[in-house]
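>>> Here is my input, please return the structure:
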Amino acid sequence: MKTRLLILHILIGLQYNLMAQTLCSVEDTAILKNGISWEFVGTDNMAVFSIPYNYSIQQSQGMDITRECIDMKLTSDAALQSIVNSARSKGQVLILAGFWYDSDAFAGGKTPYPGCQLLGANPQADTRWTAVMNRWKEIASLAFIKNKTDVWINPWNEPYAWDGTNGYTDDMWEKDSKAMIDSIRSSGANNIIALNGSLMGQGHQVIINRGMNVRQGRSNIVFDIHAYGRWDLSVSAIRSRFQAIRATGNAFIVGEFAANGDYAYQSIMDVCRAEKVSLLGWLWGQYKEPFADIYKKYSMAPRNQENTGVFQIGKNNEMPNDQINVFPNPFVDEITIDGLTEDLTQVEIYNSMGQPVYKKEVENKQQPRVSLSFLNRGVYVLQLKQKNGIRIVKIVKE
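Numbers count the residues shown, from 1 in each chain. Sure thing, here's the model as predicted:
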């Protein structure tokens with residue numbers, strides 16, 4: 001009876017707008033997922049070389065965001081739709097990053113590496129500027145992207161020289177950033193735009209100094225830091241930088257770090273988790289050990305639990321000691337239950353009316369996977385029974 005009352009208490013007054021896609025927005029320093037401040041964890045990827053692409057492994061590892069590198073001349077609308085649909089089907093927020101232009105790695109491309117990269121350049125001084133901005137307006141206008149806020153736009157990868165040379169000024173960064181945003185917004189799309197800092201994405205001081213100027217009168221702007229050599233710092237120094245960015249009212253993510261494990265990564269991970277900063281590791285499919293295992297554990301570790309509602313009821317009013325993690329949450333097809341110190345005996349799920357929709361006895365399982373593809377989109381309550389008590393978790397089917 002006590003358990004059923006708790007389930008009903010969770011469901012009473014719960015309102016959730018059922019949607020085909022995740023809704024993302026920026027409010028002050030917070031990135032919101034379906035109206036809730038959210039810490040994303042994910043990866044940088046190159047799905048353009050593997051169409052059709054499947055994000056099942058990222059999903060199974062608790063990742064919920066992917067930054068995809070695209071060629072601003074050669075990645076077609078059809079290729080974009082395939083990538084977007086695949087990411088969307090696995091509950092992944094997708095950042096489309098302008099990475100190459102006319103790369104000879106693609107059919108019809110004529111520019112060899114590294115000249116094909118949009119890297120280290122002063123954008124408006126680059127001969128490709130107009131073509132890139134026009135292509136972004138086309139992309140932002142596509143029906144499967146426009147105002148579908150699970151797709152974000154990263155217009156130009158790692159602009160400006162890493163050492164601040166080549167005529168760079170903060171005035172240039174501010175002017176370029178405003179022009180990028182306003183050009184994309186002229187399409188009528190209000191998707192989140194992720195802008196890199198200076199110094200090939202590693203520069204944070206310009207975000208502190210000029211970020212609010214860029215955001216003035218413009219919505220859904222997040223800044224994207226690439227944490228490499230200039231971020232090989234102590235935990236306290238990194239935290240100080242993060243807090244300084246937020247103190248000026250700016251939302252940000254770490255869109256690249258580690259470089260497969262070749263750059264320092266542990267301090268960045270520690271501070272991102274402590275400060276609830278969204279983090280993406282470069283580059284999926286190329287992670288080296290021990291980084292690959294460490295980052296997998298990081299992505300699968302509990303986060304956003306204050307938003308997913310984990311409740312525990314133990315025997316004799318004692319709270320079980322397990323650190324339960326149900327992921328991914330929200331989910332599309334299946335969930336994995338991790339962190340059990342005693343075997344699970346039963347899984348039961350209730351819908352928003354408090355009616356049981358799933359029940360299964362489980363034997364000797366400490367990390368079971370539960371297939372729930374048959375459920376309709378919505379909010380459910382997951383009840384986990386063990387010998388030492390009951391866990392109740394709010395889960396969301398997308």
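
>>> rest of the way, CA atoms for contacts and neighbours
Fine.

>>> just how off-centre is stretch 283-293 within its chain?
With C-alpha atoms, centre = their mean, to the nearest Å as the basis, stretch 283-293 stands 18 Å off its chain's centre.

>>> Which residue lies nearest the spatial centre of the chain?
The centre of the chain sits closest to I65, judged by C-alpha atoms, centre = their mean, with a distance of 2.9 Å.

>>> Contacts only, for that residue.
For I65, the contact set (C-alpha atoms under 8 Å, 6 or more residues apart in numbering) comprises F40, V41, G42, T43, Q92, V93, L94, I95, L280.

>>> just checking, the fourth one is part of a strand?
Yes: T43: assigned to a strand according to DSSP: H, G, I helix; E, B strand; the rest coil.

>>> doesn't T66 make contact with it?
Yes: taking C-alpha atoms under 8 Å as the definition, T43 is a contact partner of T66 at 5.1 Å.

>>> which neighbours do these two share?
Contacts common to T43 and T66, judged by C-alpha under 8 Å, 6+ apart, are L280.

>>> quick one, which of the two is more surrounded?
Remark: of T43 and T66, T66 carries more neighbours, 27 against 22, as counted by other C-alpha atoms under 10 Å.

>>> Could I get the pLDDT score of the more buried one?
pLDDT recorded at T66 is 98.

>>> quick one: it is in a helix?
No: using three-state DSSP, the assignment for T66 is strand, not a helix.

>>> How about the contacts made by it?
Contact partners of T66, counting by C-alpha under 8 Å, 6+ apart, are G42, T43, D44, N45, Q92, V93, L94, I95, L280.

>>> Buried subset of the contacts of I65, written for ChimeraX?
Burial among those is assessed by 16 or more other C-alpha atoms under 10 Å; the matching ChimeraX selection reads:
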select :40,41,42,43,92,93,94,95,280
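
>>> Show me which of the contacts of I65 is closest to V84.
Closest to V84 out of those is L94 (7.1 Å), distances taken as C-alpha to C-alpha.

>>> Hmm, S86 and that closest one touching each other?
No: at 10.0 Å, L94 does not count as touching S86 under the criterion of C-alpha under 8 Å.

>>> picking up where we left off before, export the contacts of I65 as TSV, with columns for pLDDT and distance to V332.
Listed next are the contacts of I65 as TSV, based on pLDDT from 0 to 100; distance: C-alpha to C-alpha, whole Å:
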residue	pLDDT	distance to V332
F40	96	16
V41	97	17
G42	98	17
T43	98	19
Q92	94	10
V93	97	13
L94	98	15
I95	98	19
L280	98	21
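
>>> how about TSV for the contacts of I65, with distance to I184 added?
Putting these into TSV (distance: C-alpha to C-alpha, whole Å) gives the following:
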residue	distance to I184
F40	24
V41	26
G42	25
T43	24
Q92	22
V93	19
L94	17
I95	15
L280	24
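
>>> quick one, phi psi at the closest residue to F331 other than its chain neighbours?
Nearest non-adjacent residue to F331, counting by C-alpha to C-alpha, 6 or more residues apart in numbering: K397, 5.2 Å away. Here is the backbone geometry of K397 (degrees, to the nearest 10): phi -100, psi 120.

>>> which residues does K397 bridge with?
F331, G378 (DSSP bridges).

>>> residue contacts, it?
N329, P330, F331, V332, L375, N376, R377, G378, V379, Y380.

>>> so what's K360 scoring on pLDDT?
At K360, pLDDT is 86.

>>> and it, how many neighbours does it have?
11.
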